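**Student:** no letters, just coordinates:
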């Protein structure tokens, strides 16, 4: 059990770093949007491909934040049925949710890994006026989906603990 808990701590630290990278990406998005508004009237202030950069950074922020959110139970949940389940049925529901998440995120991580390698090998890596490389985005998407997959796998190994659910709390 100590190995699983130490893996949980290590993965938690990686997820925290990933979340900080997502925060930096969002700060860059805010800066680009803040500059883009006055740039409409001041052509010398315009940043080429700012729209594309915002789009890429937003995708990175979402992907990199998923692992942290999953690890801390910060996801949105609808507890209408879950509240009325018995403790055993709640545990089964958590396992089903974890397995469904694995079925969804493992192929996505695999696909983005394959796409990143393919783009890097074939040289199909640039987009926009500034010829921005696309492979870093796909690499960050892979990293984010890999973190979610590892977290879900670890939660299954830890016995599907209830992390962050408000369903059992009395208000």
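**Tutor:** Cool, the structure landed. Every value quoted in this text rests on a predicted model; they were computed, and no experiment measured them. Numbering: from 1, shown residues only.
**Student:** so which bits of stretch 140-158 are buried?
**Tutor:** Of the residues in stretch 140-158, those buried by neighbour count under the rule 16 or more other Cβ atoms under 10 Å are 140-155. In this view, the C-beta of every residue, glycine as well, is placed from N, C-alpha and C.
**Student:** between those residues, which is nearest residue 100?
**Tutor:** When the buried residues of stretch 140-158 are compared for distance to residue 100 (Cβ to Cβ), residue 152 comes out closest, at 9.3 Å.
**Student:** please state the offset of the least confident helix or strand in the chain by mean pLDDT from the chain centre?
**Tutor:** Least confident element among the helices and strands of the chain, by mean pLDDT, DSSP states H and E: strand 126-127 (a mean of 75). In this view, strand 126-127 has its centroid 23 Å away from the chain centroid, taken as Cα atoms, centre = their mean, to the nearest Å.
**Student:** who does the helix or strand following that strand touch, helix- and strand-wise?
**Tutor:** Beyond strand 126-127 in the direction of the C-terminus, DSSP states H and E gives the next helix or strand as strand 132-133. When contacts are defined as 3 or more Cβ pairs under 8 Å, 6 or more residues apart in numbering; DSSP states H and E, strand 132-133 packs onto helix 50-71.
**Student:** name the surrounding residues that touch the helix it packs on.
**Tutor:** By Cβ atoms under 8 Å, 6 or more residues apart in numbering, the list of residues contacting helix 50-71 from outside reads 11-12, 14-16, 18-19, 21-23, 25-26, 28-29, 32-33, 35-36, 39, 47, 74-75, 101, 127-128, 132, 134, 137, 140-141, 143-145, 147-148, 150-152, 163.
**Student:** what about it, distance to the chain center?
**Tutor:** 7 Å.
**Student:** buried residues in that helix, which are they?
**Tutor:** Taking 16+ other Cβ under 10 Å as the basis for neighbour counts, the residues of helix 50-71 that come out buried are 50, 53-54, 56-57, 59-71.
**Student:** show me the helices in this structure, by range?
**Tutor:** Secondary structure of the chain (DSSP state H): helices located at 2-39, 50-71, 87-122, 135-157.
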